[in-house]
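Enquirer: Predicted coordinates and the sequence they were generated for:
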Amino acid sequence: MNDADVDAERPNGKPILEAAGVVKRFGGIRAVNGATLDVREGSITALIGPNGAGKTTFFNVVTGFYRPDGGRAAFQGDQILGARPHAIARLGMVRTFQITKALARMPVIDNMTLAAPDQPGERLLNVIAHPRRVRRREAEVREQAIELLEVFDLARVADDYAGTLSGGQRKLLELARALMTRPRLLLLDEPMAGINPTLGRRLLDHMQRLRADEGVSFLFIEHDMGVVMNHSDRVIVMAEGRVIADGEPHEVRTDQAVIDAYLGSGTVVEDERA
Amino acid sequence: MEAQSLTLGAEESAWRRLKEAADRRPAVTALIILGVAVIVMVAAKGLHLVAQTGLNGLSLGAIYALGAVGLTLVYGILRLVNFAHGDFLTFGAYMAYLVNVTSGMPLAVGILFAMATTALLGVAFELVLWRPMRARRAGLLQLLLTSIGLALVIRSAIQWFWSTDVRLLDVNTTATVSFLGLRIGRMQLIVIAIGFVVIIAIGLMLSQTLLGKRMRALADDLDLAETAGVNTRRVIVYTWVFAGSLAGLAGVLDASVTALSPNFGFDLLLPIFAAVILGGIGDAYGALAGGMLLGLVTEWSTLFVDAKWKIGVGFVALIVALIVRPQGIFGRARTI
Amino acid sequence: MPAHDPSVILPLGLTLNFFTDTGFWSGVGVLAGIYALVALGLQLNVGYTGMTNFGAAGFMAVGAYAMAILVLKAGFSFWLSLPVAMLIAIGFGLLVGLPSLRLRADYFAIATIALAETVRIIAQNADSLTGGNQGLFCAEGGAGACYNDAWTNLSTTIEGWLQSLGWTNPESLAPLLIVVWLFVVGATLGLRFIQKSPWGRVLRAIREDEDAAEALGKHTFVYKLQSLAIAAAIGAFAGFFLALDLATVHPLDYEPLVTFFAYGVLVLGGLASYWGVLAGAVLFWTILEGTRFIGFGLDDTQIAALRFFIVGLALIVLMVFRPQGMFGKREEMVLGE
């Protein structure tokens, strides 16, 4: 094991994403009201909080889908707040959506090959002037796509329209597709929702493997406390648009501010092992 | 690929604060800008000319407003801008022609007939076409092309029976009225009078009656209104009655100060769209205000450019509105 | 009456002349070809990129007027004016796209119509440049050179070739018909080629869900601009051919009606099928031009009205009962929205 592997396993590396004082207003309401958080490189970090805490809004702002109203954010040292979504994705920070965005009228395999980076064939000039280069990369990309689909047990539906997939399969496709982009940080919005436990386990195992083998970092929004407590290195809690707690799972679970926030909203935080 | 880190530096906040204030009180901002524009025009061209063209603007604005308010309410139901609305105006005008010229009855009867028949037309299409398509969850392109098809069908029927000859209603277009040193065609004055009375009546109806409130709620958010227990089917039908009759009225009024031809309504469609968008889509009061504003701006433009470019003003207003502020003057910033 | 009598009346008062009139068929063919070009561009925009572009008539107008103005007012040769006018049309397409591409579907439709209409208004009123309501045909009120002189020469040459091939009395429109359809087929092959590439895949992704495409690192704005630019280029050629067909460039030939008719062709052939566009165009214009033969003594305005009616009805019927048109795939309509 070389140094890089060791660092990837130890979730105390330097921050890959830093957000400071992020603000997003909708009319008079501040959905995100000064959120400040770090995601450490090589970590699996959970972002939790009662409904309406601003978690998805925060995702949308920090990935460029909403225009920010204030604050700063940096990914691997580059300022990203206010940048366009595609630019941020290309830097290596990729997000999935709460309601999956499977490209319904395209085959599953196309969903995947679309996501691959560095495709000369995506520039019209190359399509016309360098067809061989385009074909070569396309073959590579296809192979990678099928390999990845096999991991998620979707290879057999590769040629079906994505619109014919079940809800759980779409969630997996969403994740697989995001992985095709070779991200450094994956922002997953409720990746477990609607997936049966076995599939869920497989997903979590894959996340762990990616973190261990390639040092991919994860920030995921999740409501299933069992998953959060047992599978994340770090938990960040948001309520009413700001971060109210940030630490290891067992610390956060007993944090009074967190309990108040959840009690105020009717959810109860429990360790499924208790 | 430069990202802009937003700092809340002191230099920016003054300009930003002004912009935010303008955003929060759009109607006031619009009035201020209008006021400044009027002052500039009076200084450049003199009060008389500005007032004279302003009167023409009120007449045109009333027509735009009546056409726009129906279109914007229907938008809430269809979830799209109805391309056939312009042809409702044409239809109304020709119905009035039938009564007024072909049958020799007074214009007032023609107006009532036009409003009634256009309302019926709107309801008929709702029952036969729009309701089933909504039930089938038809997509945006499908609805858009359907409304275009409808526009063509209406126009073709009118052209079939009345050919492309330009026709006139049986009204006195030469008589003028003078007051305060201004001259205005008698018919135009009547248009302004009718327009204003109806607009005020609409405003009252929308704000004071239960039906009016329901129509506005529907236009704002159909699904929400449904979950709130509103009998949407009935309100939708009433909305079409409303939109249809106002479109018919607008058509007759325009025809009475200009002329009838099979495509005059479609020609008015883009300026009416502009009024709707200026006022904020789905907002009835906004449509009324947007229509009046557009009418004024269109006529005032003749003070500075040749009158032949007048029609272009509506288009330019539309384009500028879509680019600068698609939610309109009064609309909230939706994700468009 | 015997069946081979050419004056036999068929339903709707059509006569058998309908089938043998080569003048009619070459007229249909040219119009079908022109509209096929416009609809090919629309297919790229609507069927493959998901952009409801209603400015097609504007692209045609810019192409045709640019060509005629360059030849008649700036002294360009006809052949040089074509690529230059095409570039101008592409520029116009970019100009249209830059402010309006971020608007949602129906607003984009309105914005593009408004921009196309602005072009028409300018054409109608900028008399010195565009000939205003007279249009453009030949310089000096008909006495000087015409913009299509070079084409007329080429046309005569082609007629000569046709005669040498055995066609004793070729239709005057035959050369134009041939050239237009060569273009149409070429454009179709070209579009199919780029559509199958990864570039085309990004367009389809944009059609499906633009946010998803952005989230995967695709700069969707640039792709949409490219789609619009290509449609503008093809539209410009449609404009050129129309200008050659009519021998005049007149604002009324570029009304929104043209765009609506092109959409009729598009949905008749079916979304997401390039070859379908060609079939749709031929069927569309056969029916429309066929109205000329209806033997009930209809005058011109009534025939025009009948055409609008047919197109309007066809749009409604197709959208209600068969939104995928002749060659579109049902899943494309069902899985969408």
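Expert: Noted; the coordinates are in hand.

Enquirer: Spell out which parts of the stretch 1-150 of chain B neighbour chain C.
Expert: By the rule CB under 8 Å from any CB of the partner chain, the part of the stretch 1-150 of chain B lying against chain C is B:80-81, B:129, B:132-133, B:137-146, B:148-150. (C-beta placed from N, C-alpha, C; glycine too.)

Enquirer: mind running it again at 10 Å?
Expert: Contact residues, the stretch 1-150 of chain B versus chain C (CB under 10 Å from any CB of the partner chain): B:1, B:75, B:78-84, B:87, B:128-129, B:132-133, B:136-150.

Enquirer: Just the buried residues of those residues.
Expert: Neighbour-count burial (16 or more other CB atoms under 10 Å in any protein chain shown) applied to those gives B:75, B:78, B:80-84, B:87, B:129, B:133, B:138, B:140-150.

Enquirer: what ranges do the strands span in the stretch 151-300 of chain C?
Expert: With DSSP state E, counting those that start in this stretch, there are no strands along the stretch 151-300 of chain C.

Enquirer: Can you pull out the low-pLDDT segments for it?
Expert: C:295 (pLDDT under 70).

Enquirer: near chain B, which residues of it show up?
Expert: So the stretch 151-300 of chain C meets chain B at C:219, C:255-257, C:259-261, C:263-264, C:266-267, C:271, C:298-300 (CB under 10 Å from any CB).

Enquirer: now, which of those sits nearest B:V313?
Expert: When these are compared for distance to B:V313 (CB to CB), C:P256 wins out at 18.0 Å.

Enquirer: can I assume that closest one is in contact with C:T118?
Expert: No - checked against CB atoms under 10 Å, the pair C:P256 and C:T118 is beyond contact range at 11.8 Å.

Enquirer: Report the set of residues contacting both of those two.
Expert: Counting by CB atoms under 10 Å, 6 or more residues apart in numbering or on different chains, the contacts common to C:P256 and C:T118 are B:270, C:55, C:58.

Enquirer: what's the lowest-pLDDT member of the residues you listed?
Expert: Note: of the shared contacts of C:P256 and C:T118, the lowest pLDDT belongs to B:L270, at 89.

Enquirer: how far away is that residue from C:A116?
Expert: Using CB to CB, to the nearest Å, one obtains 10 Å as the distance from B:L270 to C:A116.

Enquirer: swap in B:A307?
Expert: 22 Å.

Enquirer: Surely A:D110 is in a helix?
Expert: Yes - assessed by DSSP: H, G, I helix; E, B strand; the rest coil, A:D110 belongs to a helix.

Enquirer: Leaving out chain neighbours, which residue sits closest to the closest residue to chain A within the stretch 51-200 of chain C?
Expert: For the stretch 51-200 of chain C and chain A, the shortest gap (CB to the nearest CB) falls at C:P198, measuring 3.4 Å. Leaving aside its chain neighbours, C:P198 sits nearest to A:G121 (3.4 Å; criterion: CB to CB, 6 or more residues apart in numbering or on different chains).

Enquirer: Can you give me the buried ones in whichever strand or helix holds C:V311?
Expert: Using DSSP states H and E, C:V311 falls within helix C:300-321. Going by neighbour count (16+ other CB under 10 Å), the buried part of helix C:300-321 is C:302, C:304-312, C:314-316, C:318-320.

Enquirer: Run through chain A and note the low-pLDDT ranges.
Expert: Scanning chain A for pLDDT under 70 picks out A:1-12, A:264-274.

Enquirer: residue ranges for the helices of it, please.
Expert: Shown for chain A, the helices assigned by DSSP state H span residues A:3-9, A:55-62, A:85-91, A:108-115, A:124-129, A:131-151, A:167-180, A:197-214, A:225-231, A:249-253, A:256-265.

Enquirer: Chain B is nearest to which of those helices?
Expert: Of all those, helix A:85-91 comes closest under CB to the nearest CB, at 4.7 Å.

Enquirer: The closest one: how far from the chain's middle?
Expert: Between the centre of helix A:85-91 and the centre of its host chain there is 13 Å, according to CA atoms, centre = their mean, to the nearest Å.

Enquirer: which parts of that helix are buried?
Expert: So helix A:85-91, judged by 16+ other CB under 10 Å, has buried residues A:85-91.

Enquirer: list the contacts for the residue in the stretch 1-150 of chain A that chain C sits nearest to?
Expert: Residue nearest to chain C within the stretch 1-150 of chain A (CB to the nearest CB): A:G121, separated by 3.4 Å. Applying CB under 10 Å, 6+ apart to A:G121 gives the contacts A:113, A:127, A:130-131, A:133-138, A:141, C:194, C:196-202.

Enquirer: Apply 8 Å and report the result again.
Expert: A:127, A:134, A:137-138, C:197-199 (CB atoms under 8 Å, 6 or more residues apart in numbering or on different chains).

Enquirer: Longest helix of chain B, counting residues only.
Expert: Max-length helix for chain B by DSSP H is helix B:47-78.

Enquirer: Would you mind writing the CA trace of the following helix or strand past it as CSV?
Expert: Sequence-wise, the next helix or strand downstream of helix B:47-78 (DSSP H and E) is helix B:85-97. Coordinates of the C-alpha atoms in helix B:85-97 are reproduced here as CSV (Å, rounded to 0.1, in the frame of the first residue of the first chain):
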residue,chain,number,x,y,z
HIS,B,85,-56.4,33.3,-29.2
GLY,B,86,-55.8,35.8,-31.9
ASP,B,87,-58.2,34.0,-34.2
PHE,B,88,-60.8,34.3,-31.4
LEU,B,89,-60.6,38.0,-31.9
THR,B,90,-61.0,37.6,-35.7
PHE,B,91,-64.0,35.3,-35.1
GLY,B,92,-65.7,37.8,-32.8
ALA,B,93,-65.2,40.6,-35.2
TYR,B,94,-66.7,38.6,-38.1
MET,B,95,-69.7,37.6,-35.9
ALA,B,96,-70.3,41.2,-35.2
TYR,B,97,-70.0,41.9,-38.9
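
Enquirer: so how far is helix B:85-97 off the chain centroid?
Expert: Worked out by CA atoms, centre = their mean, helix B:85-97 lies 14 Å from the chain centre.

Enquirer: Neighbours of B:G282, how many?
Expert: 25 (other CB atoms under 10 Å in any protein chain shown).

Enquirer: Pull the residues that contact the helix or strand where B:I192 lies.
Expert: Per DSSP H and E: B:I192 is located in helix B:186-208. Helix B:186-208 has contacts (CB under 8 Å, 6+ apart) with B:55-56, B:58-59, B:61-63, B:65-66, B:69, B:111, B:171-173, B:175-177, B:211-213, B:215-216, B:246, B:249, B:253, B:256-257, B:284-285, B:288.

Enquirer: when you scan stretch C:42-59, is anything in it near chain B?
Expert: Yes - part of stretch C:42-59 sits near chain B under the criterion CB under 8 Å from any CB, namely C:46, C:52.

Enquirer: At the contact with chain A, which residues of chain C appear?
Expert: C:193-194, C:197-199, C:201-202, C:204-205, C:207-209, C:211-220, C:226, C:331-332, C:335-336.

Enquirer: let's go with 7 Å and repeat that
Expert: Within chain C, the positions lying close to chain A (CB under 7 Å from any CB of the partner chain) are C:194, C:197-199, C:201-202, C:204-205, C:208-209, C:211-212, C:214-220, C:226, C:331-332, C:335-336.

Enquirer: Many thanks, we can stop here.
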